[in-house]
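Asker: With the input below, show me the fold.
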Amino acid sequence: MGRTRVKICGLTNPADAAMAVQMGADALGFNFFEGSARYISLDAAIEMVSSMPAFVSRVGLFVNPSEADVERVLNAVRFDLLQFHGDESPGFCESFGYPYIKAIKGESSEHILEMAARHTKARALLIDAFGPSGFGGTGETFDWNLIPNMDKQLILAGGLSPDNVADAIRQVQPFAVDVSTGVEVLTDKRSKDTSRMQAFFDAVQAA
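Answerer: Coordinates of the predicted model:
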């Protein structure tokens with residue numbers, strides 16, 4: 001297994017984005033789902049994305065958007081990848097001409113395999129814990145034993161933190177890990193905690 005990549009998601013301000021890059025993030029995720037506490041405006045996204053250096057992937061996250069919603073963002077911000085976190089069809093995900101990541105509920109091995117078989121053109125599958133809202137970002141983990149062996153690149157999400165990410169990597173051996181809640185300031189979902197983020201990167205490297 002090679003180096004585990006790290007994606008920091010739910011960034012809302014330039015300082016946190018710059019800090020994530022400085023610590024070694026391979027990708028940054030920007031949330032355009034208005035139902036999320038981490039939702040950002042186009043202006044905020046433009047400011048953060050335009051200052052990102054080369055070789056750090058820019059990921060735009062959507063949940064059950066309309067075609068117009070996605071096009072509006074793509075006309076203003078240049079992304080490397082799109083991430084679809086809702087019930088989007090393969091045809092919808094593929095229609096924008098961008099490589100995409102499909103988030104899948106980590107609820108059963110059968111469901112994960114079924115979704116993997118549908119989204120054959122996804123660049124990676126992101127397996128996440130899904131709460132009552134259905135769309136991740138809960139800070140809860142799920143049973144990693146449910147993840148079946150697949151040929152597709154796997155991104156592990158859902159309740160990862162500095163305390164459990166090393167165990168997750170050793171058990172699941174994902175291509176990448178994705179974290180948002182686990183590195184946030186405990187009282188503010190829109191801000192990242194410098195020490196928690198550093199501890200997360202240290203744990204990934206140690207694993």
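
Asker: Can you check the pLDDT for Phe130?
Answerer: Looking at Phe130, its pLDDT reads 71.

Asker: okay, now the residue nearest to it when sequence neighbours are not counted: neighbour count?
Answerer: Sequence neighbours aside, Lys105 is the residue nearest to Phe130 in space, at 4.4 Å (criterion: Cβ to Cβ, 6 or more residues apart in numbering). Any C-beta I mention is one placed from the backbone N, CA and C, and that applies to glycine too. Here the number of neighbours of Lys105 (other Cβ atoms under 10 Å) works out to 17.

Asker: Got phi/psi on Lys105?
Answerer: Dihedral pair for Lys105: phi -70, psi 130, per degrees, to the nearest 10.

Asker: Could you confirm Ile101 falls within a strand?
Answerer: Yes - under DSSP: H, G, I helix; E, B strand; the rest coil, Ile101 sits within a strand.

Asker: Look up how far Val179 lies from it.
Answerer: 15 Å (Cβ to Cβ, to the nearest Å).

Asker: out of the two, which sits in the busier spot?
Answerer: A side-by-side neighbour count of Ile101 and Val179, using other Cβ under 10 Å, places Val179 first with 30 against 26.

Asker: Thought Ser161 was touching the more buried one, still the case?
Answerer: Yes - assessed by Cβ atoms under 8 Å, Val179 is found in contact with Ser161 at 7.4 Å.

Asker: Name the helix or strand for the residue nearest to Thr194 when sequence neighbours are not counted, please.
Answerer: Nearest residue to Thr194, sequence neighbours excluded (Cβ to Cβ, 6+ apart): Met19, at 6.2 Å. Secondary structure assignment for Met19, by DSSP states H and E: helix 14-23.

Asker: distance between that helix and the chain's centre?
Answerer: A distance of 16 Å separates the centroid of the chain from that of helix 14-23, by Cα atoms, centre = their mean, to the nearest Å.

Asker: Buried residues, it. List them.
Answerer: Within helix 14-23, the residues that count as buried by 16 or more other Cβ atoms under 10 Å are Asp16, Ala17, Ala18, Met19, Ala20, Val21, Met23.

Asker: With adjacent residues omitted, what lies nearest to the last one?
Answerer: If the residues on either side of it in the chain are set aside, Met23 comes closest to Phe201, at 5.0 Å by Cβ to Cβ, 6+ apart.

Asker: Thanks a lot, see you next time.
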